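S.K.: Turn this into a model:
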Amino acid sequence: MEKTDPGDPRTMSGAIWREFLARLADLESLVAGEGVPATPQDRAEGFRYLLRFLGSGIHVALPGGDPDYPAFARMVENGMSWGLDNPDCNYSWARVRGDAVYRVAGHRGSACHLEFQVNTGHFGDGNVGRWRTVSSLNARELHGAPDGTFELIIGGPPRDGNWMALDPEASFLLLRQYLNDWECERPAEIAIERVGAEYPQPVVTTAEVAARFDELGTWLSAGARSWESMSRLILSMPPNAVTMMEPLTGHAGLRGQSYGMGHFAVEPGWALVVEFEVPRCLMWSVQLSGWFWESMEFAGRQTSLNGSQAVVDRDGRFRGVIAHEDPGVHNWIDCEGHREGTIGIRYLFPEQVNQPTFAHVPVVDLGRVLPADTRRVSREERRTGIERRRRAVQLRYRY
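M.R.: Predicted coordinates:
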């Protein structure tokens, strides 16, 4: 027999909806506030960003917000971009609670790398410094059957096989899947369930709806403000420099990944050549993002490159050319009309962390700083390559 719902006062009166609309209206200042770029392109991208961020928050709150009946929700993708998301990564989220036990099962897929990670906090609470990784398990540690199927238990006492710990502060499970070859690699097919859950699943209550609205409201206020402050911080740094960090071991970042973030600036008619010796690693990438700290359009434009997509020169060095117009080199990184933004560089499990350098030169002088045998592409080759990128992204997200 279903329990009687006493009726949450805010839900019954409609106050919960009015509170939500007020928080939504407050986000206008992120786009039209003081110090925010005000070109038509920035306005268009800004209000699109608000829709994207709202969409992602809804995915996280529903269906990804119920720890008793969890489901993986896609929290970031090309159409829901935020937080300097990685174009090579599929992100999925599910709520958990520390006193429960969960089973994750399915097919591992063929992504270059994946990691399950139990964290505290919430990506929308704004308390980045307080987030903590409780446990993690990655593709190198995951045991599966020859056909690619696997089962993972999360919580409860330690056991043999695939197992991850929970603790009283554990709040969500994050799955990252890194795809190096966008056209050939495929993401996992998985499901999550709480062990011992009762079925049929109970009907939704007014209190549960209020809790989801509160979570979404925090996402739209504290979360959005925290990402804005981080973007402003990066963009306040001296331009055209990136310092790579040592690989992470926790704090909600991908274990074993070296991150580098910086501020790029390049005018029309000029090019910014980013160069580094490619380290021995599982995967590496370079990407651009704009003022709102969302990745630039990576399906229909070449605003990022990874080790599978880029050409490394004979001396073992990657040279990417950030420019407004296509200079006809394979490693062009399209800045999408932006004169400045954020550049992100990642090395996954590097044997050494090589620091990048930058050269700011007129486009007509690129031949002076690039090797003579730099790979060139025609307009038709570029168009075909971007068409393939766009098709691969659609298949990857299974639209």
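
S.K.: Quick check, pLDDT for the most centrally placed residue in the chain.
M.R.: Geometric centre of the chain, nearest residue: Asp85, 2.8 Å, by CA atoms, centre = their mean. For Asp85, the pLDDT comes out at 95.

S.K.: Next one: it from Arg314, what distance?
M.R.: With distances taken as CB to CB, to the nearest Å, Asp85 is found 33 Å from Arg314. (Glycine included, C-beta is placed from N, CA and C.)

S.K.: Could you find the closest non-adjacent residue to Pro9?
M.R.: Excluding the flanking residues, the one nearest Pro9 by CB to CB, 6 or more residues apart in numbering is Ala15, at 7.5 Å.

S.K.: distance of that neighbour from Asp125?
M.R.: According to CB to CB, Ala15 and Asp125 sit 22 Å apart.

S.K.: ok, now Leu142?
M.R.: 29 Å.

S.K.: mind pulling up the phi and psi values for the residue nearest to the centre of the chain?
M.R.: Main-chain dihedrals, Asp85, degrees, to the nearest 10: phi -60, psi 150.

S.K.: gap between it and Thr342?
M.R.: Plainly put, Asp85 is 12 Å away from Thr342 if you go by CB to CB.

S.K.: Identify the residues contacting the lengthiest helix in the chain?
M.R.: As assigned by DSSP state H, the longest helix anywhere in the chain is helix 40-61. Taking contacts as CB atoms under 8 Å, 6 or more residues apart in numbering, the residues outside helix 40-61 that touch it are 24, 27, 30-32, 36, 73-76, 79-82, 93, 123-124, 212-213, 215-216, 219-220, 223-224, 290-292, 294, 337-338.

S.K.: rewinding a little: settle it for me: which of Ala15 and Asp125 has more neighbours?
M.R.: Of the pair Ala15 and Asp125, Asp125 is the one with more neighbours under other CB atoms under 10 Å, namely 17 against 14.

S.K.: Hmm, that one is touching Gly217, no?
M.R.: No: at 11.3 Å, Asp125 does not count as touching Gly217 under the criterion of CB atoms under 8 Å.

S.K.: of the contacts of helix 40-61, buried ones?
M.R.: Buried members of the contacts of helix 40-61, scored by 16 or more other CB atoms under 10 Å, are 27, 30-31, 36, 73-76, 80-82, 93, 123-124, 212-213, 215-216, 219-220, 223-224, 290-292, 294, 338.

S.K.: picking up where we left off before, pull the CA atoms of the longest helix of the chain into PDB?
M.R.: Presented in PDB, the C-alpha positions along helix 40-61 are these (Å, rounded to 0.1, in the frame of the first residue of the first chain):
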ATOM      1  CA  PRO A  40      26.500  39.800 -30.500                       C
ATOM      2  CA  GLN A  41      28.400  36.500 -30.500                       C
ATOM      3  CA  ASP A  42      29.000  36.700 -26.700                       C
ATOM      4  CA  ARG A  43      25.300  37.500 -26.100                       C
ATOM      5  CA  ALA A  44      24.200  34.600 -28.300                       C
ATOM      6  CA  GLU A  45      26.600  32.200 -26.600                       C
ATOM      7  CA  GLY A  46      25.800  33.500 -23.200                       C
ATOM      8  CA  PHE A  47      22.000  33.000 -23.300                       C
ATOM      9  CA  ARG A  48      22.600  29.600 -25.100                       C
ATOM     10  CA  TYR A  49      24.900  28.700 -22.200                       C
ATOM     11  CA  LEU A  50      22.100  29.400 -19.600                       C
ATOM     12  CA  LEU A  51      19.800  27.000 -21.500                       C
ATOM     13  CA  ARG A  52      22.600  24.400 -21.600                       C
ATOM     14  CA  PHE A  53      23.400  24.800 -17.900                       C
ATOM     15  CA  LEU A  54      19.700  24.500 -17.000                       C
ATOM     16  CA  GLY A  55      19.400  21.400 -19.200                       C
ATOM     17  CA  SER A  56      22.300  19.800 -17.500                       C
ATOM     18  CA  GLY A  57      21.000  20.600 -14.100                       C
ATOM     19  CA  ILE A  58      17.600  19.000 -14.900                       C
ATOM     20  CA  HIS A  59      19.400  15.900 -16.000                       C
ATOM     21  CA  VAL A  60      21.400  15.800 -12.700                       C
ATOM     22  CA  ALA A  61      18.300  16.400 -10.600                       C
END
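
S.K.: Can you give the distance from that helix to the centre of its chain?
M.R.: Taking CA atoms, centre = their mean, to the nearest Å, one finds the center of helix 40-61 at 14 Å from the center of the full chain.

S.K.: Let's see the helix or strand just after that helix as CSV, backbone CA atoms only.
M.R.: Following helix 40-61 in sequence order, the next helix or strand is strand 73-76 (DSSP states H and E). This file holds the C-alpha atoms of strand 73-76, laid out as CSV (Å, rounded to 0.1, in the frame of the first residue of the first chain):
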residue,chain,number,x,y,z
ALA,A,73,22.2,10.8,-16.3
ARG,A,74,24.3,12.4,-19.0
MET,A,75,25.4,15.6,-17.2
VAL,A,76,27.7,17.1,-19.9
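
S.K.: Off-centre distance for strand 73-76?
M.R.: Computed by CA atoms, centre = their mean, the chain-centroid distance of strand 73-76 equals 9 Å.
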